[in-house]
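A.B. asks: 3D, please:
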Amino acid sequence: MSDPKLISKIPEGPLKDKWSKRKAEIRIVSPNNKRKLEVIVVGTGLGGASAAASLGEMGYNVKIFCISDSPRRAHSIAAQGGINAAKNYQNDNDSIYRLFYDTIKGGDYRSREANVYRLAEVSASIIDQCVAQGVPFAREYGGYLANRSFGGVQVSRTFYARGQTGQQLLLGAYASLNKEIANGTVKSYPRHEMLDLVIINGEAKGIIARNLVTGEIERFGAHAVVLATGGYGNTYFLSTNAMNSNGSAAMQAYRKGAFFANPCFAQIHPTCIPVHGDQQCKLTLMSESLRNDGRIWVPKKMEDVLKLRKHEIKASQIPEEDRDYYLERRYPAFGNLVPRDVASRAAKERCDAGFGVNETGLAVFLDFADAIKRLGHQRVQERYGNLFDMYEKITSSSPWEEPMMIYPAIHYTMGGLWVDYDLQTTIPGLYAIGEANFSDHGGNRLGASALMQGLADGYFILPYTIGDYLSHKFAEPKTDTNAPEFDAAEKAVKERIAKIFAVKGTETVDSIHKKLGHIMWEYVGMARNEAGLKKGIEEIGKLREEFWKNVRVPGTNEEFNQELEKALRLVDFFDIGELMARDALHRKESCGGHFREEMQTEEGETKRDDVNFMYVGAWEYKGEGKEPELHKEDLKYENIKIATRNYKD
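C.D. replies: Down below sits the predicted model:
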């Protein structure tokens, strides 16, 4: 039975009718009353930009915040491969149900049926919306929108704009946002970072933010707050995320009473450019779309592996019969398009067995020779040209001549703030959308579904559901930012900053963050076990102590100070890392991206424990230095048959 503190608000009735039923139940706000209401949106990626634009166009007064100098520089811009939608344009028997099923199965049966079905249901509207905005999706010769496949599916439902899909979608949302900024319904605050959430009478009523240019600590009030701040993958230091991506806003909400759900569910992306040195500060993603036509392999013979590492031969010189296309061998039904967690573990298995193809032994090949022969240079250039160029600029190796080298890396986090069906957290008035919440992807996200969720939440879900909460708030006055709760929150932020400056140690923030990254990758990475997780929690605690004894942050608060920004985020990364390890330790099963070495099949696949762990694990903060409390929301599957994931036949 689910914890009474976790009220999901999932409507009764048939699955296909739940969203329509909920929309019919939702109380709405009249246009005249919308003008009396203020909403804060933190984050300007696809979720935040689309939500703010939609709310502004509906007539609400919106304040939107981002840490970059422009909303269009949010990390959504880095997404490459595409966005899923159940349009069935390829006439390959796709449907809302099939997208729903693929997403539930891909997440290893650890996500809510109702939320995932709604996501699939609104997916088609996203494409219509974006086409109307002028997003330049790829098209077939006759003018129809083109589709391609992504991992974990057997249909082509991914819409794309070459390898720049996130950028084009964000430009569409950004244009809509700018229209509302010009209309005066949205006020934009670039270079502002949320440092605390303000709670008044148990409800979210505003934020404390730092002006990143001047260092000024500022107060902002509203009737509701929406967090669209992305995930927490940079806990690992090296990830495919932008260097300033962080989980701090979610952690501030967590410390104020928002439950944090499934933090151990982190995604390892199988196609990233391998680590090349100790001074590296981030990793580069190579789009999953490349697995449509690229074939992944390692040599069969150890002698070829050793020659490759010594640069005595090139990959192209290894005969076809001496290549192990291990995904095609192990998963014939899906081949190179298995889900990300499956492909990542398979690459790790080959490298652990000694067949890694670069000097470190941590790389496999992604080869396009067959695709170039089959499709021709021009067609491959049209599909992947910018990705090939990017790879060559970074590695000085041309994918036209030699295979790419790839290796898994941290990419996305399926865990996040717990939300109900309305996307509201356990704090009334606080909403979380996109990657900032946990709701749709379970233990593993399918490729091209992050963009889908961000825009679904921002354009087609939150604008409806937030009205139910705001419908009884229009008679309330604007939030008074001189209230004692704002005083206390601002005081706490200033004390936190002063405490960091007071350390005056000798270690840089990055050097300590790198150490945290090593701990996380070693003990809370692709493969986890009980002893390692306990060791990881212990090591994170020691490193936190080292930070507070020896970190050095130069400069002052009253200036543009990126070292201070990084230090404040690292304090939160310590807590996120510890929470991830604690969640992974308690979840004694393997599912999706969470792989416990003690819980695997004879073939090395994930082994779920549906009897004891078919639930959402939501953690409640109990105070600094105290263990958080676990709450459980049971997952019920009434419209889908629970089974062991099978990508072999």
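A.B. asks: assign a three-state SS to residue 166, would you?
C.D. replies: helix (DSSP: H, G, I helix; E, B strand; the rest coil).
A.B. asks: quick check: the gap between the closest residue to residue 56 other than its chain neighbours and residue 80.
C.D. replies: Closest residue to residue 56 apart from its sequence neighbours, by C-beta to C-beta, 6 or more residues apart in numbering: residue 180 at 3.3 Å. Bear in mind the C-beta positions are built from the backbone N, C-alpha and C, glycine included. From residue 180 over to residue 80 the distance is 28 Å, taken as C-beta to C-beta, to the nearest Å.
A.B. asks: quick one: contacts for residue 66?
C.D. replies: When contacts are counted by C-beta atoms under 8 Å, 6 or more residues apart in numbering, residue 66 is found next to 43, 44, 48, 73, 74, 188, 189, 190, 191, 192.
A.B. asks: now, among these, which is nearest to residue 135?
C.D. replies: When these are compared for distance to residue 135 (C-beta to C-beta), residue 74 wins out at 16.1 Å.
A.B. asks: ok, the residue lying closest to the closest one once chain neighbours are set aside to residue 330 distance?
C.D. replies: Computed as C-beta to C-beta, 6+ apart, the closest residue to residue 74 that is not its neighbour in sequence is residue 45, at 3.8 Å. In this view, residue 45 and residue 330 are 35 Å apart by C-beta to C-beta.
A.B. asks: looking at those two, which is more packed in?
C.D. replies: residue 45 (34 against 18; other C-beta atoms under 10 Å).
A.B. asks: quick one, grab the pLDDT at residue 601.
C.D. replies: Note for residue 601: predicted pLDDT of 93.
A.B. asks: ignore the last one, residue 278
C.D. replies: At residue 278, pLDDT is 83.
A.B. asks: what is the neighbour count of it?
C.D. replies: Residue 278: 6 surrounding residues under other C-beta under 10 Å.
A.B. asks: now do the lengthiest helix in the chain, average pLDDT.
C.D. replies: For the chain, the longest helix by residue count, based on DSSP state H, is helix 562-586. Taken as a whole, helix 562-586 has a mean pLDDT of 98.
A.B. asks: make 34 the starting number, not 1.
C.D. replies: I'll keep to 34 as the first residue from here, and by that count the last item is helix 595-619.
A.B. asks: OK, contacts around residue 653?
C.D. replies: With contact set as C-beta under 8 Å, 6+ apart, residue 653 has these partners: 38, 290, 292, 459, 661, 662, 663, 664.
A.B. asks: what's the most distant pair in the contacts of residue 99?
C.D. replies: 81 and 224 (15.2 Å).
A.B. asks: give me the more crowded residue out of the two.
C.D. replies: residue 81 (31 against 17).
A.B. asks: ok but that one is inside a strand, no?
C.D. replies: No - read with three-state DSSP, residue 81 is helix and lies in no strand.
A.B. asks: hmm, residue 107 and it touching each other?
C.D. replies: Yes - the pair residue 81 and residue 107 qualifies as a contact (C-beta atoms under 8 Å) at a distance of 7.2 Å.
A.B. asks: contacts for the one helix or strand the residue nearest to residue 89 maps to, please.
C.D. replies: Element membership for residue 213 (DSSP states H and E) is helix 198-216. For helix 198-216, contacts defined as C-beta under 8 Å, 6+ apart pick out 77-79, 82-83, 85-87, 89-90, 95, 97, 104-105, 107, 109-116, 163, 166-170, 192, 194, 219-221, 484, 488, 491.
A.B. asks: and these, which of them are buried?
C.D. replies: Burial of the contacts of helix 198-216 was assessed by neighbour count (16 or more other C-beta atoms under 10 Å); the buried members are 77-79, 82-83, 85-87, 89-90, 95, 97, 104-105, 107, 109-116, 163, 168, 170, 192, 194, 219-221, 484, 488, 491.
A.B. asks: if I look at the residue nearest to residue 107, how far off is residue 325?
C.D. replies: For residue 78, the distance to residue 325 equals 25 Å [C-beta to C-beta].
A.B. asks: residue 142: neighbour count?
C.D. replies: A count of nearby residues for residue 142, using other C-beta under 10 Å, gives 23.
A.B. asks: in helices only, show me the contacts of helix 198-216.
C.D. replies: Taking DSSP H as the definition of helices, these contribute 79, 82, 83, 85, 86, 87, 89, 90, 163, 166, 484, 488.
A.B. asks: so the residue nearest in space to the middle of the chain, which of the three states?
C.D. replies: Residue closest to the mean C-alpha point of the chain, counted by C-alpha atoms, centre = their mean, is residue 445 at 3.7 Å. Following three-state DSSP, the label given to residue 445 is strand.
A.B. asks: next up, the contacts around it.
C.D. replies: Residue 445 makes contacts with 264, 266, 299, 300, 302, 468, 478, 483, as judged by C-beta under 8 Å, 6+ apart.
A.B. asks: who wins for neighbours among these?
C.D. replies: The most neighbours of any of those, using other C-beta under 10 Å, belong to residue 468, which has 33 neighbours.
A.B. asks: quick one, phi psi at that one?
C.D. replies: With angles defined as degrees, to the nearest 10, residue 468 sits at phi -60, psi -20.
A.B. asks: grab the nearest non-local neighbour of it.
C.D. replies: Among residues not flanking residue 468 along the chain, residue 264 sits closest, at 4.3 Å (C-beta to C-beta, 6+ apart).
A.B. asks: likewise for residue 302?
C.D. replies: residue 444 (3.5 Å).
A.B. asks: that neighbour reaches residue 303, doesn't it?
C.D. replies: No - assessed by C-beta under 8 Å, residue 444 is found out of contact with residue 303, at 9.1 Å.
A.B. asks: mutual contacts of these two, please.
C.D. replies: Shared contacts of residue 444 and residue 303, defined by C-beta under 8 Å, 6+ apart, comprise residue 373.
A.B. asks: of those two, who's got more company?
C.D. replies: Using other C-beta under 10 Å as the criterion, residue 444 and residue 303 rank with residue 303 on top: 31 against 26.
A.B. asks: A helix includes that one, no?
C.D. replies: No - per three-state DSSP, residue 303 lies outside any helix segment and is strand.
A.B. asks: ok, and for stretch 565-583, which residues are buried?
C.D. replies: Using 16+ other C-beta under 10 Å as the test for burial, stretch 565-583 gives 565, 566, 569, 570, 572, 573, 576, 577, 580.
A.B. asks: how about the nearest residue to the fifth one, chain neighbours excluded?
C.D. replies: Once its chain neighbours are removed from consideration, residue 572 has its nearest residue in residue 552; the separation is 4.8 Å (C-beta to C-beta, 6+ apart).
A.B. asks: who's in contact with that neighbour?
C.D. replies: So residue 552 contacts 569, 572, 573, 576, 610 (C-beta under 8 Å, 6+ apart).
A.B. asks: isn't the fourth one right up against residue 548?
C.D. replies: This means residue 576. Yes - the pair formed by residue 576 and residue 548 meets the contact definition of C-beta under 8 Å, at 5.7 Å.
A.B. asks: just to revisit the earlier point, got a list of what the residue nearest to residue 468 touches?
C.D. replies: With C-beta under 8 Å, 6+ apart, residue 264 has these contacts: 274, 278, 280, 445, 446, 449, 468, 469.
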